[in-house]
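Novice: Give me a 3D structure for the following:
(one chain, ligands or ions: 1)
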Amino acid sequence: MRWQGLINRYGAALRIAQYVQPVTLCEGNTPLIPVPRLSTWIGGGAQVFVKYEGLNPTGSFKDRGMTTAITQAVAENAEAVICASTGNTSASAAAYAARAGLRCIVLIPDGKIALGKLAASVAYGAEVVSIRGSFDDGLNLVREIASTSPIVLVNSVNPARLEGQKTAAWEICEQLGAMPDRLCLPVGNAGNISAYWMGFSECSAGECPNTCGCREKRRPKLLGAQASGSAPIVLGRRIEQPETRATAIRIGNPARWKQAEQALQESGGHILAVTDEEIFEAYHALSRLEGVFCEPSSAAGVAGLRKSVQQGLVIEGETIVCVLTGHGLKDPDSATADVQPPITIDAKLEALKKHLKV
Ligand code: F0G
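Specialist: Below is the predicted model:
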């Protein structure tokens, strides 16, 4: 049967309006890929899988939340939607708004979003407003606008967003046939970690529509990773000027901070900071050892897992899922930043042989 997206698959198990046609790009159903060579690199004897969310229609997990948020907005007769974004939310909002025929306005921090994300938002016809300020400044602005004008806010403070995003947890349980022992993911505005916890909790309570036998009492431990220059939850204080090369998670005051802390505590998990260097090591390991290309922020979960293994926090034999939140092609500058440009040779067999030393 043709896969027709999350709302078609999970229907009434999602707390959104059920009486309108879903706005969908057939998102979800992303692969869960075993990564044995990366597992060895991480160490600790765990069996690691990656949930490759970069394969969603606009290249990130945001599409899960946007099919539900835009469908809900249509049900509420919205004419326009707005968000602040480090790039992926804006690309996704722009695509789903285009599909629904809605006006879409996105605020982005000037010069701090990856090229592919800006290109996508523009291509989908969004009104892109670049602000002299951070994501956090942008979120304050759009919250204000949405509270005083008939424009629907589609950042993850909108509960419909989490309804879609929690389905990734259900998919993982179905793909594994069981709950994982641990789930690792990057944390920015903290919507996704909150959504995963909701998903696993509902699974455990028998409230998800899967029939995969994952209705276990046991839920996975969550492992959140923040970039060390943007680690408000780890440090327990707001960061006024967050910095990191992993621009997607360059956030100093997460909107779902409290909910994320509660999820971490209930799961018996932990959150830690990883340096940009550690993030980029994991980013290169993923593509060079496994052929899985994600954006730098996505690799933070893998970097956090490796660090946790080194700190003795991971138990041997665990089944661990790392969520790769966005596709590597979104950020071509990061992919080419630390590497030599290719050498150009004459288009001659001799020249090629000489170059390859064969
Ligand atoms: N990974 C990627 C690739 C992201 O784009 C984001 C967030 C996160 C992780 C963190 O998820 O915010 O739910 O904790 N990007 C948002 C955006 C902020 O505007 O695209 P979170």
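Novice: count of neighbours near Gln265?
Specialist: Neighbourhood size, Gln265 [other C-beta atoms under 10 Å]: 11. Yep, even glycine has a C-beta here, placed from its N, CA and C like the rest.
Novice: What residues sit buried inside the helix or strand containing it?
Specialist: If you go by DSSP states H and E, Gln265 is part of helix 257-267. Judged by neighbour count using 16 or more other C-beta atoms under 10 Å, the buried positions of helix 257-267 are 257, 259-261, 263-264, 267.
Novice: got it, and stretch 108-115?
Specialist: Buried residues in stretch 108-115, counting neighbours by 16+ other C-beta under 10 Å, are found at 108-109, 112-114.
Novice: Over to stretch 147-163?
Specialist: Under 16+ other C-beta under 10 Å, the buried positions of stretch 147-163 are 151-158, 160-163.
Novice: filter these by proximity to the ligand?
Specialist: Near the ligand, judged by C-beta under 6 Å from any ligand atom, the entries from the buried residues of stretch 147-163 are Ser156.
Novice: now, which of the buried residues of stretch 147-163 lie within helices?
Specialist: Judged by DSSP state H, those include 160-163 as members of helices.
Novice: mind showing which ranges of the stretch 201-350 of the chain have poor pLDDT?
Specialist: Counting by pLDDT under 70, the stretch 201-350 of the chain contains low-confidence residues at 213.
Novice: And the strands in it?
Specialist: Using DSSP state E, counting those that start in this stretch, the strands of the stretch 201-350 of the chain run over 221-227, 270-274, 319-324.
Novice: contacting residues around Ile131?
Specialist: Residues in contact with Ile131 (C-beta atoms under 8 Å, 6 or more residues apart in numbering) are 107-110, 137-138, 141.
Novice: pretty sure Ala120 belongs to a strand, no?
Specialist: No: when classified by DSSP: H, G, I helix; E, B strand; the rest coil, Ala120 is found to be helix rather than part of a strand.
Novice: And it, how far from Cys294?
Specialist: Ala120 sits at a distance of 16 Å from Cys294 (criterion: C-beta to C-beta, to the nearest Å).
Novice: Show me which of those two is the more surrounded one.
Specialist: For Ala120 versus Cys294, the count of surrounding residues by other C-beta under 10 Å is larger for Cys294: 31 against 22.
Novice: Give the bridge partners for that one, please.
Specialist: Beta-bridge partners recorded for Cys294 (DSSP bridges): His327.
Novice: gap between it and Arg219?
Specialist: To Arg219, Cys294 is 25 Å away according to C-beta to C-beta.
Novice: hmm, back to that, which of the buried residues of helix 257-267 lies closest to the ligand?
Specialist: Looking at those and their distance to the ligand, the nearest is Ala260, at 7.6 Å (C-beta to the nearest ligand atom).
Novice: and the closest one, what does it touch?
Specialist: Neighbouring residues of Ala260 by C-beta under 8 Å, 6+ apart: 187, 190, 193-194, 224, 233, 254, 271.
Novice: and those residues, which are buried?
Specialist: So, of those, 187, 190, 193-194, 224, 233, 254, 271 end up buried under the neighbour-count rule (16+ other C-beta under 10 Å).
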